[in-house]
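Chemist: kindly generate the corresponding structure for this input.
(one chain, ligands or ions: 1)
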Amino acid sequence: MRVLVTGGAGFIGSNLCKKLLAQDDEIEVRVIDDLSSGSLANLAELDVQFFNGSILDQEILSTAAHGVDAIVHLAALGSVPRSISRPIPSHEANATGTLQVLEAARANHSAHVVLASSSSVYGKNPTLPKVETLQCMPMSPYAVSKLATEQYALAYAECYDLPVLPFRFFNVFGPGQMAGHAYAAVIPVFLEAALTGRPLPVNGDGEQSRDFTYVGTVVDTIHAALTERITGGPTNLAFGTRTTLNELISMIEHHLGRPLDIVYRERRSGDVRHSQADNTLLRSTFPGIEPTSLDVGLSATIDWMTRQLPTIPAS
Ligand code: NAD
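Modeler: Below you'll find the predicted structure:
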């Protein structure tokens, strides 16, 4: 099988490339990435064919997609706050970029397309857990662009019979996820602060909750979707756990065996209060996937982050 991973030099994409290459001798992996947030270092020593460019560049995208059996579309500008300060680049990369990827798949004998949407599409809808049939009430340009991602995919399935599967990722974490930039996710931010002796910055009161999903579980599920060529509507890729940030901090303290300093700051606009997936559809579509728990995943992530320490400036 020949697979193109868009955004393959990023956190989830590089973990996926490792998984695909480790799992399957016959697989050929290509990556297209403009390195806007990803890094070539994430692909070091991996036997992938790399295309350095944007999915918005039709020429390079169609070269990268030529002859592939499947596309895993992960390239995007992540982060709610980034989209609030600059909505147009988020729209272009995430919505228009998805349209370009779907066009490339359509031009390419209807390659199977697995796409990354986000739990942020549920937005203001207060119902918990989040079942896929709930009304989407996005609260940020990022969330709208992710809703466009999945809805364009469904439109291509309807109009052109393109085989698609949009996943709604929740809070994915694990080795390879970097802190140290303005739009970093909460687990790497907390771990980097804890390991370098800085206070852990909490936006709001820390009682907001998230359904954290280990990256190994995410890439196992994508791998299964590819090998079984699974198609369908938006599918939550999370397992229905709910952990507040204050609980997460207690778990990190337990792992490190010491109390941590915390600084509470103002709540961020666009952030949802609670997030928890209904996993019924995921479980029935992928009965063979057993998730790695937050505790086990956190331990692996702390080990990985500790190994990065020489490259992280101390406080
Ligand atoms: P990431 O930022 O590490 O990876 C995204 C990659 O896409 C980067 O390597 C970046 O350089 C690349 N990219 C951005 N714009 C591009 C463009 N125009 N052309 C080519 N490459 C481009 O993010 P991630 O955490 O690995 O997320 C992967 C996908 O999953 C994204 O679509 C994101 O929106 C989605 N998602 C992630 C989470 C999470 O918790 N990490 C949650 C929900 C959804």
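
Chemist: downstream neighbour of the strand or helix carrying L21 in the secondary structure list?
Modeler: Using DSSP states H and E, L21 sits within helix 11-23. Later in the chain than helix 11-23, the nearest helix or strand by DSSP H and E is strand 28-33.

Chemist: and that following strand, which residues are buried?
Modeler: Residues of strand 28-33 classed as buried by neighbour count (16 or more other CB atoms under 10 Å): 28-33. In this view, the C-beta of every residue, glycine as well, is placed from N, C-alpha and C.

Chemist: check stretch 225-244 too.
Modeler: In stretch 225-244, residues buried by neighbour count (16+ other CB under 10 Å) are 225-226, 230, 232, 234-241, 243.

Chemist: now do stretch 28-48
Modeler: 28-34, 37-38, 42-43, 46, 48.

Chemist: now those residues as TSV including pLDDT and distance to L20?
Modeler: Compiled in TSV, the buried residues of stretch 28-48 are given as follows (pLDDT from 0 to 100; distance: CB to CB, whole Å):
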residue	pLDDT	distance to L20
E28	97	9
V29	98	5
R30	98	11
V31	98	11
I32	98	15
D33	98	15
D34	98	21
S37	95	21
G38	96	16
N42	97	14
L43	98	12
L46	97	9
V48	98	9
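
Chemist: mind picking the two most distant members of these?
Modeler: E28 and S37 (25.1 Å; CB to CB).

Chemist: residues making contact with the helix or strand harbouring T98?
Modeler: Per DSSP H and E: T98 is located in helix 97-106. Helix 97-106 is contacted from outside by 6, 54-56, 58, 61-62, 64-65, 71, 73, 75-76, 111-113, 115, 148-149, 152-153, 156, 160, 162, 164, using CB atoms under 8 Å, 6 or more residues apart in numbering.

Chemist: pop the domain breakdown of the chain in here.
Modeler: 2-172+212-237, 174-210+241-277+292-308 (automatic domain parsing).

Chemist: T285 is nearest to which of those?
Modeler: Counting by CB to CB, T285 lies closest to domain 2-172+212-237 out of these; the figure is 6.3 Å.

Chemist: quick check: end-to-end length of the closest one?
Modeler: 24 Å (CA to CA, to the nearest Å).

Chemist: before we move on, the earlier item: turn the buried residues of stretch 225-244 into TSV, including distance to the ligand and secondary structure.
Modeler: Below are those laid out as TSV (distance: CB to the nearest ligand atom, whole Å; DSSP: H, G, I helix; E, B strand; the rest coil):
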residue	distance to the ligand	secondary structure
A225	14	helix
L226	16	helix
I230	18	coil
G232	18	coil
P234	12	coil
T235	13	strand
N236	11	strand
L237	9	strand
A238	9	coil
F239	14	coil
G240	16	coil
T241	14	coil
T243	14	strand
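
Chemist: now do the buried residues in stretch 106-120.
Modeler: 106, 108, 111-120.

Chemist: per-residue pLDDT, D303?
Modeler: D303 is assigned 97 on the pLDDT scale.

Chemist: tell me the SS of the nearest residue to it once chain neighbours are set aside?
Modeler: Spatial nearest neighbour of D303, chain neighbours left out: P175 (8.0 Å); criterion: CB to CB, 6 or more residues apart in numbering. For P175, the assignment made with DSSP: H, G, I helix; E, B strand; the rest coil gives coil.

Chemist: offset the numbering so it begins at 46, please.
Modeler: Fine by me, first position is 46 from now on; the one you just mentioned is P220.

Chemist: around the ligand, pick out the residues from this protein.
Modeler: By CB under 6 Å from any ligand atom, the residues of the chain that approach the ligand are 52, 54-58, 77-83, 99-101, 119-123, 138, 142, 161, 163, 214, 216-217, 230.
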